[in-house]
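Chemist: My questions concern the predicted model and sequence given below.
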Amino acid sequence: MICTFFWTLTICFLIFSQNCFASGVNGSFRLDEYNFVPLLYKGEETGYQACTIKGSAYIPVEALEEFGDCSAFTLDGEAHRAVFTPADMNVLLGDVETTDFIKRYAGNCYLDYKTIYGKDYISLNVMKDFTGITYTTDGTLGLSNDDVTDITYVDLDRLTETHRMGQTVRKTIGAGSLFSSSEEEVPIKSGRQVYILGESASFYKIRTTGGQVCYVNKEDIEETDDQAPEYDYSFMPLQKEPYDRKINLVWTSPNSAGVSSLAPDPTGIDVVSPVWLNQIVEGDGNINSFVDRGYSDLCHERGMKVWITLNNDMTTTGSTNYTTKVLADDGLRRKTVAQYMFYAMIGGADGLCIDYEDVRSSDGPALALFTEELAYYCGRLGLYITSAVYSPMPGNEQIYQYARIGECLDYICVMSYDYHYNGSPDAGSVSPIPFYREMIEKMSGYCEPEKLIMGIPFYTRIWKVGENDRNLGALAVIMSTARDRVTKNNAQIEWSDEDGQYIALWQENGDNYKCWLEDERSIAQKIRCIYEYGLSGSCCWRYGQQESGIMDMFEDVYHQDGSWEDHETDY
């Protein structure tokens with residue numbers, strides 16, 4: 001990302017931590033990992049305090065207004081957020097076609113403030129690309145605005161040398177056609193550069209930097225000698241690198257404040273997929289964003305890719321109906337896709353992972369179209385694209401159209417767990433090996449095995465059971481909680497070759513309990529399947545729920561050429 005204006009904002013560390021809470025727009029969060037530092041300008045203290053957490057730098061909104069160029073967005077103090085309108089921005093988002101799409105359909109996009117001790121802060125990791133601010137935290141001082149370097153000129157090879165350049169001298173409205181009033185009008189701000197494609201006696205036919213073609217009065221355009229347009233902000237396409245080993249993806253979730261709760265250690269991890277984007281139910285196509293550019297930068301420094309997970313807010317009442325509405329409406333669907341792409345770029349993503357659940361089977365074809373549209377623009381920008389799908393149990397193929405989406409996706413993440421769930425009539429394993437193998441074989445009938453990434457649960461369920469394992473109540477727990485219950489109650493533990501995991505039984509307060517345990521040995525059986533069937537890797541729900549040693553196993557087997565057999569340990 002390149003700006004035409006560069007500032008240097010130096011943050012000098014005076015670190016302290018406080019074990020307390022602060023309220024944010026999205027809820028409350030702990031401050032015990034925040035470092036507060038004085039904010040300096042030209043070597044002098046400003047009176048402002050900045051703070052950093054997990055690679056992200058936040059400064060007071062007032063400081064951003066004072067030291068940065070805020071002309072690219074609006075600061076909405078009442079709503080506590082910055083408002084971006086791509087259509088009004090002189091920005092290149094990957095390429096001209098993608099820029100045109102986002103400008104045409106995205107509408108307004110937002111970056112929420114964080115409220116700390118009653119003061120509004122904003123992410124500098126994101127805003128630096130739009131304000132001309134760069135910053136360091138290495139103890140050096142200084143701020144200047146005379147380092148104007150790396151101005152980006154984009155030569156669009158689709159345009160011939162005969163096309164001239166022009167610049168608008170006043171705000172104008174471009175007509176979509178000289179002969180029909182039904183064509184869409186194109187608002188153009190003053191000072192914007194455009195291509196002159198042709199002319200008549202009174203009008204220029206122009207192409208905007210966003211790719212829109214329209215007609216304007218000649219008096220509104222002044223020809224220039226420039227060879228190509230200059231952009232204030234450029235987000236350049238990535239180079240997608242193929243994987244030459246198994247992939248282990250881990251999902252992470254934001255905490256209630258929108259800052260990811262864990263900054264993963266890279267051991268055993270290739271891809272981090274934070275759940276950062278979700279559609280707002282009845283939100284007119286808008287997306288709720290928790291993107292954290294600093295977190296992405298930290299993952300990149302540690303050698304991990306970031307594939308942001310986007311979902312349809314499936315746990316919110318009305319999500320299924322609203323998903324139907326969005327998928328069926330071309331305008332809403334395109335707005336959703338455009339916003340996802342915008343947030344992916346400002347969030348520092350290397351890819352996207354679609355996670356749309358509780359979708360009606362009748363919406364399957366529309367969901368596939370939505371997937372294809374996202375895949376198309378991800379492909380243009382060099383972003384990986386995958387989708388988390390239910391296992392191919394009866395009825396699910398109609399929802400996810402596995403064969404169709406397999407044609408456009410880089411990978412398919414199969415959520416091969418919850419075979420037994422809280423509402424199951426009988427107790428059982430979350431992910432038994434016979435089920436695991438069956439799902440691999442069925443999915444391999446829809447797409448090549450090399451596109452499959454199979455789910456691995458870092459959780460299990462504790463069941464209160466009746467006769468013949470009848471379910472009398474279930475509780476989903478992380479791996480360590482299950483071990484604590486088993487140890488506390490001196491449970492009887494036996495290995496099940498059939499299920500590929502240990503089974504624990506015990507009595508507690510006169511009731512019978514049973515648990516199909518997930519541990520290093522059970523996960524090793526799933527890794528064995530991944531190798532035997534020639535799959536691309538695994539996706540784990542979710543990071544932070546695993547016991548110690550689990551990530552070391554992935555590191556050993558995936559990255560160090562170890563064997564899954566070396567991890568068949570006793571419970």
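Modeler: Right, received. Where do you want to start?

Chemist: Please make it C-alpha for all contacts and neighbour counts, starting now.
Modeler: Noted.

Chemist: Identify the residues contacting Arg245.
Modeler: Ser536, Tyr558, His559 (CA atoms under 8 Å, 6 or more residues apart in numbering).

Chemist: residue contacts, Glu307?
Modeler: Slight slip there: residue 307 is Trp, not Glu. Val271, Val272, Ser273, Pro274, Ala349, Asp350, Gly351, Leu352, Cys353, Tyr384, Ile385.

Chemist: beta partners for the third one?
Modeler: When you say that, I think you mean Ser273. Using DSSP bridges, the bridge partners assigned to Ser273 are Trp251.

Chemist: List the residues that contact it.
Modeler: Leu249, Val250, Trp251, Thr252, Val306, Trp307, Ile308, Thr309, Cys353.

Chemist: Tell me how far Thr323 lies from Pro274.
Modeler: 21 Å (CA to CA, to the nearest Å).

Chemist: ok, back up a step: using TSV, lay out the contacts of Arg245 together with neighbour count, pLDDT and distance to Gln398.
Modeler: Shown next, in TSV, are these (neighbours: other CA atoms under 10 Å; pLDDT from 0 to 100; distance: CA to CA, whole Å):
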residue	neighbour count	pLDDT	distance to Gln398
Ser536	21	98	24
Tyr558	22	97	34
His559	18	96	37
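
Chemist: Show me those residues that map onto helices.
Modeler: Nothing among the contacts of Arg245 maps onto helices, per DSSP state H.

Chemist: Tell me how many other residues surround the residue lying closest to Thr85 once chain neighbours are set aside.
Modeler: Leaving aside its sequence neighbours, Thr85 sits nearest to Asn108 (CA to CA, 6 or more residues apart in numbering; 4.7 Å). Other residues within reach of Asn108, judged by other CA atoms under 10 Å, total 17.

Chemist: how far away is Asn108 from Tyr231?
Modeler: Using CA to CA, one gets 20 Å for the distance from Asn108 to Tyr231.

Chemist: do Ser431 as well
Modeler: Counting by CA to CA, the gap from Ser431 to Tyr231 is 51 Å.

Chemist: Repeat that for Ala63.
Modeler: 25 Å.

Chemist: now stretch 444-452: mean pLDDT?
Modeler: Computed over stretch 444-452, the mean pLDDT rounds to 98.

Chemist: partner residues bridging the residue nearest to Tyr34 when sequence neighbours are not counted?
Modeler: In this structure, Tyr34 finds its nearest non-sequential neighbour in Ile53, 5.0 Å apart by CA to CA, 6+ apart. On the basis of DSSP bridges, Ile53 is bridged to Ser56.

Chemist: residues near Ile53, how many?
Modeler: 18.

Chemist: for the one 10 residues further on, same thing?
Modeler: Residues lying near Ala63 (other CA under 10 Å) number 17.

Chemist: do Pro394 as well
Modeler: Burial of Pro394 is recorded as 7 neighbouring residues (other CA under 10 Å).

Chemist: roughly how far apart are it and Gly68?
Modeler: Pro394 is 56 Å from Gly68, by CA to CA.

Chemist: Give me the pLDDT for the residue lying closest to Ile280 once chain neighbours are set aside.
Modeler: Using CA to CA, 6+ apart and skipping the chain neighbours, the partner closest in space to Ile280 is Ile287 (5.6 Å). Here the pLDDT value assigned to Ile287 is 97.

Chemist: show me the contacts for Ile287.
Modeler: Cys109, Leu277, Asn278, Gln279, Ile280, Thr336, Gln339, Tyr340.

Chemist: Filter those down to the ones in helices?
Modeler: Residues of the contacts of Ile287 located in helices (DSSP H): Thr336, Gln339, Tyr340.

Chemist: isn't the first one right next to Asn286, touching?
Modeler: Translated: Thr336. Yes: counting by CA atoms under 8 Å, Thr336 touches Asn286, with 6.3 Å between them.

Chemist: more crowded one of these two?
Modeler: The residue with more neighbours, out of Thr336 and Asn286, is Thr336; 27 against 23, by other CA under 10 Å.

Chemist: Would you mind giving the secondary structure of the residue lying closest to the more buried one once chain neighbours are set aside?
Modeler: Leaving out its chain neighbours, the residue that sits closest to Thr336 by CA to CA, 6+ apart is Gly285, at 5.3 Å. Here Gly285 is recorded as coil under DSSP: H, G, I helix; E, B strand; the rest coil.

Chemist: Report the separation between Gly285 and Lys128.
Modeler: Separation of Gly285 from Lys128 (CA to CA) stands at 27 Å.

Chemist: So if I had to pick from these two, which one is more boxed in?
Modeler: Applying other CA under 10 Å to Gly285 and Lys128 shows that Gly285 carries more neighbours, namely 25 against 21.

Chemist: where does the more buried one fall, phi/psi-wise?
Modeler: Here the main-chain torsion angles of Gly285 (degrees, to the nearest 10) amount to phi 80, psi 0.

Chemist: OK, contacts around it?
Modeler: For Gly285, the contact set (CA under 8 Å, 6+ apart) comprises Gln279, Val326, Leu332, Arg333, Lys335, Thr336.

Chemist: That one and Phe84: what is the separation?
Modeler: Counting by CA to CA, the separation of Gly285 from Phe84 is 15 Å.

Chemist: got it, and Trp307?
Modeler: Trp307 sits 23 Å away from Phe84, going by CA to CA.
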